[in-house]
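Participant: predicted model, plus sequence, below.
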Amino acid sequence: MYFYIFTAITSFSGQIYSVVFNLFLRYVGLSSIEIGKITSAGLWESAVLGTFFSLLASRVDKRKLLLFLLSLQTLTLFLKILLQTAQWQIVLNFISGAASSAVSIIITASMIASTSKKNRMILFGSNFSISMIVGVLGNLIGGVISDMIGLKLTMLVGATIYSTSFLILSKLSRIDKQVLQQIHFDSLQKGILWYYLLSNLLVRFGAGLFISFGNLMLNDLFAISTTLIGVVMAFTQIATGVGGAMNHLLEKRLGSTRVLFFCYTAVVPLMISLAFVRNPFFFCLLYVIRFMLMNMVSPIFSVLVFSNLPLQYLSFTNALGNLLNNSSRAVAALLYGYIVKDNSDYTRLLLISSVFYVFNALLTYFLHRKFVLRSDSTVV
């Protein structure tokens, strides 16, 4: 229950804040290259210090570490409203990225360690759906009130709500310290580990080229208001939440890797279509469906990987995935500012991104064929 409340608070406030953050940066006069550098800074810190903090969590009191990280994140959310130069934003996003990433990894480890393998899909699926559903409200409220009270005050509201997550901290389940031991990985575990790392690298780089700048892309291509941008982002969360709620049934009926392969493959033609469609309604529809298919299966992906690797390597594996995840997104975010000079460049950006989704679909197919089918559906 407390996992759900914590997720609801942080997801709701985070969406209120993030739906207007890049627009705020554009409003105060920062260029696309500067915004790309700011986003990249947060991702690099997520990769490096976020990984360090998550590994540290295996050796120290996790509640104290979470308290420190939440305090750090809350402080930077407020400071980003006040310190508006590109240099300060890079520094603050650098710090914020580390705190946010480490909190996410520690909470994930706590969820897995406190539940049986049988119940993990239900917990991850329902927790994911909650994050999507409250994200809907966050996007809608963030978009609407920004048109009423301005971007700066909207970010202030989001930061204030985020600070209330401290109230839930003492209620979260404890995680025992994990001691790394030398363990022999069988061929299936090795395959799943490599799949986890490579898939993180491919998907996050492909998504990093554009997903952090979705609000800017909609504004640049169609000049729509922040309210409508909030509505579009809300629909992505609704669709993903509905899909996430079906994860347990889909996984049980079709198997983990089969669901992943279907969704990851279906995304490829959607990405190519986004590169050329310039009707705002159809573009937004394709954007929502793409977002839904890629993100609704996140719980399946997590449970597939972490349930088939040694528990004592959980934080280490998660941290390593985080390193690849955020470092690849950081490089991609930096490239955004150099690729997109005007609106026509979004076609090239989205086509480049689609190549990485193709490779990820192929990778998932090989995992399904070589490891899952050969092991008589042990994982599926």
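Facilitator: Everything's here; your move.

Participant: mind listing what the closest residue to residue 95 other than its chain neighbours touches?
Facilitator: Nearest in space to residue 95, with sequence neighbours left out and distances taken as Cβ to Cβ, 6 or more residues apart in numbering, is residue 76 at 5.1 Å. Any C-beta I mention is one placed from the backbone N, CA and C, and that applies to glycine too. With contacts defined as Cβ atoms under 8 Å, 6 or more residues apart in numbering, residue 76 is in contact with 92, 93, 95, 96, 99.

Participant: residue 7 too?
Facilitator: Per Cβ under 8 Å, 6+ apart, neighbours of residue 7: 107, 127, 130, 131, 134.

Participant: so where does it fall, helix or strand?
Facilitator: helix 2-27 (DSSP states H and E).

Participant: buried sites along that helix?
Facilitator: Applying a neighbour-count criterion of 16 or more other Cβ atoms under 10 Å, one finds 3-4, 6-26 buried in helix 2-27.

Participant: tell me the angle the longest helix along the chain makes with helix 2-27.
Facilitator: Counting residues, the longest helix found in the chain (DSSP state H) is helix 117-149. For helix 117-149 against helix 2-27, the angle by axes from the mean of the first three to the mean of the last three Cα atoms, to 10 degrees is 40 degrees.

Participant: so which elements touch helix 117-149?
Facilitator: When contacts are defined as 3 or more Cβ pairs under 8 Å, 6 or more residues apart in numbering; DSSP states H and E, helix 117-149 sits against helix 2-27, helix 86-113, helix 151-163, helix 226-245, helix 247-254, helix 298-306.

Participant: what's the neighbour count on residue 119?
Facilitator: 10 (other Cβ atoms under 10 Å).

Participant: that one and residue 241, how far apart?
Facilitator: Distance from residue 119 to residue 241, counting by Cβ to Cβ, to the nearest Å: 20 Å.

Participant: quick one on the thing from earlier: and the contacts of residue 76 as CSV, adding pLDDT, distance to residue 294 and neighbour count?
Facilitator: Listed next are those as CSV, based on pLDDT from 0 to 100; distance: Cβ to Cβ, whole Å; neighbours: other Cβ atoms under 10 Å:
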residue, pLDDT, distance to residue 294, neighbour count
92, 87, 28, 22
93, 84, 24, 25
95, 82, 28, 19
96, 82, 24, 23
99, 81, 25, 26
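
Participant: show me which of those is closest to residue 351.
Facilitator: Of all those, residue 351 sits closest to residue 93, with 27.7 Å by Cβ to Cβ.

Participant: go ahead and confirm that closest one touches residue 41.
Facilitator: Yes: counting by Cβ atoms under 8 Å, residue 93 does reach residue 41; the two are 4.7 Å apart.

Participant: so which of the contacts of residue 7 comes closest to residue 313?
Facilitator: residue 107 (17.9 Å).

Participant: burial count for the closest one?
Facilitator: When neighbours are counted by other Cβ under 10 Å, residue 107 registers 20.

Participant: what's the answer for residue 272, then?
Facilitator: Residues near residue 272, counting by other Cβ under 10 Å, number 18.

Participant: ramachandran angles for it?
Facilitator: For residue 272, the backbone dihedrals are phi -60, psi -40 (criterion: degrees, to the nearest 10).

Participant: residues contacting the closest residue to residue 166 other than its chain neighbours?
Facilitator: Nearest residue to residue 166, sequence neighbours excluded (Cβ to Cβ, 6+ apart): residue 70, at 6.0 Å. Neighbour list for residue 70: 99, 103, 165, 166, 169 [criterion: Cβ under 8 Å, 6+ apart].

Participant: and the gap between the spatially most central residue of the chain and residue 203?
Facilitator: With distances taken as Cα atoms, centre = their mean, the chain has residue 295 as the residue nearest its mean C-alpha position (8.3 Å). Residue 295 sits at a distance of 10 Å from residue 203 (criterion: Cβ to Cβ).

Participant: and stretch 199-206, how far out from the chain middle?
Facilitator: 11 Å (Cα atoms, centre = their mean, to the nearest Å).
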